[in-house]
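> Please work out how this folds:
(one chain, ligands or ions: 1)
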Amino acid sequence: MGKRQRLLELRTLADNDLDEVMDIEPVAFGNHHWSRQSFINELDNRLGKYYAAVDASTGQLVGYSGFWLIGDEAHITTLAVHPDCRRKRIGEVLLINNILAARQAGAKWLTLEVRVSNEKAQNLYFKFGFKNLGIRRHYYQDNSEDALVLWTENILRPEFMDLLNERISSVRQQIKVDWLAPEELPEGLELSTMFHSGEEGRA
Ligand SMILES: CC(C)(COP(=O)(O)OP(=O)(O)OC[C@H]1O[C@@H](n2cnc3c(N)ncnc32)[C@H](O)[C@@H]1OP(=O)(O)O)[C@@H](O)C(=O)NCCC(=O)NCCS
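Model (predicted):
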């Protein structure tokens, strides 16, 4: 019998996730990490939408992400994966979820800042068609590092949906996801069936 895939659950981030978030946050972001109070404020922020990725077999929070919706732009504010759980497509799943949730909330574009030195995260975003459209000089206060300002193209365009579909198909081969299904899926996407079609049981 083949190796069972672990099931990843996506859900809204909640106050009682914050102990686990604060275990990951300093490791993921070093000196420039958000405080617990920042997360408490963000969970209350009417512009903010935050999501948790949880290992369904253990209940462990393995990653989180979120964005602010400002007009028709979704500004990704955070995305992090537990250091022991990296390179397993969880970052991609969280990014796909952000894109779909942003689209559902009315966004046409996604944007974010990323450190010029953070090639891992840049690679992730470039895989999803983000382009570097500017630099914010000395954006990070801890070491005065510059930020690249990345943008998607219009996420409603069929070309972008094709790319997203490709990424979803690829991710699906490696990870099984209990999707936080958007109420209205964009045409051509069938996430719930795609992610539930395997025969494997929960890990
Ligand atoms: C960036 C981060 C979220 C990636 O999460 P992850 O679950 O390990 O990433 P995935 O397994 O989904 O990988 C997706 C892609 O990201 C890029 N990537 C991830 N880790 C990488 C690494 N160590 N080196 C190079 N590229 C990497 C690759 O393009 C990868 O695709 P590939 O495997 O086909 O090359 C994770 O490293 C993290 O939490 N980093 C600290 C926090 C952070 O920098 N957040 C982003 C702030 S803008």
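
> could you list every residue that touches Gly48?
Glu42, Gly66, Phe67, Trp68, Thr77 (C-beta atoms under 8 Å, 6 or more residues apart in numbering). C-betas here are computed from N, CA, C, even on glycine.

> is it true that the fourth one touches Arg46?
Read that as Trp68. No - with contacts counted by C-beta atoms under 8 Å, Trp68 stays clear of Arg46, the gap being 9.7 Å.

> still on that earlier bit, so which of the contacts of Gly48 belong to strands?
Assignment to strands by DSSP state E places the following of the contacts of Gly48 there: Gly66, Phe67, Trp68, Thr77.

> Could you report the separation of the first one from Leu47?
Using C-beta to C-beta, to the nearest Å, one obtains 10 Å as the distance from Gly66 to Leu47.

> Save the ones in strands among the contacts of Gly48 as a markdown table, and put in pLDDT and distance to Gly30 too.
As requested, the ones in strands among the contacts of Gly48 are arranged in a markdown table below (pLDDT from 0 to 100; distance: C-beta to C-beta, whole Å):
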| residue | pLDDT | distance to Gly30 |
| --- | --- | --- |
| Gly66 | 97 | 19 |
| Phe67 | 98 | 22 |
| Trp68 | 98 | 22 |
| Thr77 | 98 | 17 |
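
> picking up where we left off before, which of the contacts of Gly48 are buried, as a PyMOL select command?
Selecting only the buried entries of the contacts of Gly48 in PyMOL, with 16 or more other C-beta atoms under 10 Å as the criterion:
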select buried, resi 42+66+67+68+77
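
> Isn't Gly106 up against Asp72?
Yes - the pair Gly106 / Asp72 is scored as a contact, 6.3 Å apart, by C-beta under 8 Å.

> count of residues packed around the closest residue to the ligand within the chain?
Ranking the residues of the chain by distance to the ligand (C-beta to the nearest ligand atom) places Gly91 first, at 2.5 Å. Other residues near Gly91 come to 23 when the count uses other C-beta atoms under 10 Å.

> Secondary structure element for it, which one?
Per DSSP states H and E, Gly91 falls inside helix 90-104.

> Alpha carbons of that helix, as PDB, please.
As requested, C-alpha coordinates have been extracted for helix 90-104 and formatted as PDB (Å, rounded to 0.1, in the frame of the first residue of the first chain):
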ATOM      1  CA  ILE A  90       2.100  24.200   2.800                       C
ATOM      2  CA  GLY A  91       3.300  27.600   1.800                       C
ATOM      3  CA  GLU A  92       1.700  27.100  -1.600                       C
ATOM      4  CA  VAL A  93      -1.600  26.000  -0.100                       C
ATOM      5  CA  LEU A  94      -1.700  29.000   2.100                       C
ATOM      6  CA  LEU A  95      -0.900  31.300  -0.800                       C
ATOM      7  CA  ILE A  96      -3.600  29.600  -3.000                       C
ATOM      8  CA  ASN A  97      -6.100  30.100  -0.200                       C
ATOM      9  CA  ASN A  98      -5.200  33.800   0.100                       C
ATOM     10  CA  ILE A  99      -5.700  34.300  -3.600                       C
ATOM     11  CA  LEU A 100      -9.100  32.600  -3.600                       C
ATOM     12  CA  ALA A 101     -10.200  34.300  -0.400                       C
ATOM     13  CA  ALA A 102      -9.100  37.600  -1.800                       C
ATOM     14  CA  ARG A 103     -10.900  37.000  -5.000                       C
ATOM     15  CA  GLN A 104     -14.000  36.000  -3.200                       C
END
